[in-house]
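Peer 1: predicted model follows, preceded by the sequence.
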Amino acid sequence: AILLVSDDKKERKNLEDKLAASIYKQGEASQLAGETDAAVDHYLRVGEIVPNSEIRSTAQYDAATLLLKSEQWSRAANVLEDFRSRFPDHKEQSTVTRKLALVYEKDQRNLLAAQEYERISFDDSNDKETQRTSSLVAADLYVKEKDHYRAIEIYHSYIKRFPKPYEASVETRQSLVDLYNDKRDNKMVKHWREQIIKAEAKAGSQSTPRMKYLAANSSLQLAIPKYTIYQASRLSIPLEKSLKIKKSLMQRALAAFELASAYKVEEVTTAATYYSGLIYYDFSRALMQSDRPRGLSSEELAQYEVLLEEQAFPFEEQAIELFELNACLLYT
């Protein structure tokens, strides 16, 4: 109809703008009346009837906003996606990304939502806190969809970009421990447990109970393999040589559990104390079950047995003390 009115480009443009404004005002009127669907239809009609009007981007953006408010996620996504591609230089592009992230998440399209949160995280027009939290949300969504590769990449990036707040940084390291554990990558699990301990120590007075718990648990988990190695060592002839090795492994394991206990996290301290008791008990049993030298007479063998018992007894006593201590802790 507008084309029939005039062939003059300027006049035609003026008429198009007036028509677009008229349709837009219908949308505003419907919105004020609480008629959301009608308002959306009017706003979108601006683009359908007057596609080149200056007000089209505003109308489409307003339509998307109303669809969001009315929780019409799929339709809102379609409108926002079209807005992004149609108006790439629009000032609201950053806001559109945030809206799309929300829409996809609400619509349970988690991989698409994660991609949008990644965009937000690396958009310098957003403040640092928004970038930081968006990075974590993106990683969590990738984890939910079992895209562990992307989640790991984001967590690595997060640790470099956002060393503070300390607790979130330590939690991110714990997330990496969990993901690498799922992948059965023991080397990386060990690495990130060590990083948790270092990060908690670096926080100093700003360390929180949660950080201490994660560091303590990491310390405990790092100590357990030392116990396993110690336990696997046997006392054999010549006893002096094998005893030296087992004692060294014992001291290493005990020191590791002592480090875990030092955090004073009850759950970890209980476990560390129990393992320490097992170490002493194992050492006592190992002495008594060790190979006997060959060629001993009955009398010499009896004396040797007495000597072993004398050496083993203090370790058994130490084990009993630790087990009793744990029992007291459990019932207090």
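Peer 2: All right, it came through fine. It should be emphasised that the depicted structure is a prediction, and the values quoted were computed from it without experimental measurement.
Peer 1: how about low-confidence regions in the stretch 51-200 of the chain?
Peer 2: Within the stretch 51-200 of the chain, the set of residues satisfying pLDDT under 70 is empty.
Peer 1: ok, Asp147 touching Leu111?
Peer 2: Yes. Counting by C-beta atoms under 8 Å, Asp147 touches Leu111, with 6.8 Å between them. No exception for glycine: its C-beta is placed from N, CA and C like everyone else's.
Peer 1: between these two, who's got more neighbours?
Peer 2: Neighbour comparison, Asp147 and Leu111: the larger count goes to Asp147, with 16 against 13 (by other C-beta atoms under 10 Å).
Peer 1: what separation do you get for the more buried one and Ala255?
Peer 2: Applying C-beta to C-beta, to the nearest Å, the value for Asp147 to Ala255 is 40 Å.
Peer 1: what of Trp73?
Peer 2: Distance, Trp73 to Ala255, by C-beta to C-beta: 56 Å.
Peer 1: neighbour-wise, which of the two wins?
Peer 2: Ranked by neighbour count (other C-beta under 10 Å), Trp73 and Ala255 place Trp73 first, with 18 against 11.
Peer 1: pull the contacting residues for the more buried one.
Peer 2: The contact partners of Trp73, by C-beta atoms under 8 Å, 6 or more residues apart in numbering, come to 103, 106-107.
Peer 1: which non-adjacent residue is nearest the one residue sitting closest to the centre of the chain?
Peer 2: Central residue of the chain (C-alpha atoms, centre = their mean): Ser175, 3.3 Å from the mean position. By the measure of C-beta to C-beta, 6 or more residues apart in numbering, the closest residue to Ser175 outside its immediate chain neighbours is Tyr155, 5.6 Å from it.
Peer 1: got it, and Lys144?
Peer 2: With sequence-adjacent residues excluded and distances taken as C-beta to C-beta, 6+ apart, Lys144 is closest to Asn110, at 5.5 Å.
Peer 1: the residue nearest to Ser175 against Leu176, yeah?
Peer 2: Yes. Under the criterion of C-beta under 8 Å, Tyr155 makes contact with Leu176 at 5.2 Å.
Peer 1: okay, buried residues for the strand or helix carrying Leu249 please.
Peer 2: Applying DSSP states H and E as the criterion places Leu249 in helix 239-261. By neighbour count on 16 or more other C-beta atoms under 10 Å, the buried set for helix 239-261 is 239, 242-243, 246, 249-250, 253-254, 256-257, 259-261.
Peer 1: who does that helix touch, helix- and strand-wise?
Peer 2: helix 209-232, helix 266-289 (3 or more C-beta pairs under 8 Å, 6 or more residues apart in numbering; DSSP states H and E).
Peer 1: that'll do, ta.
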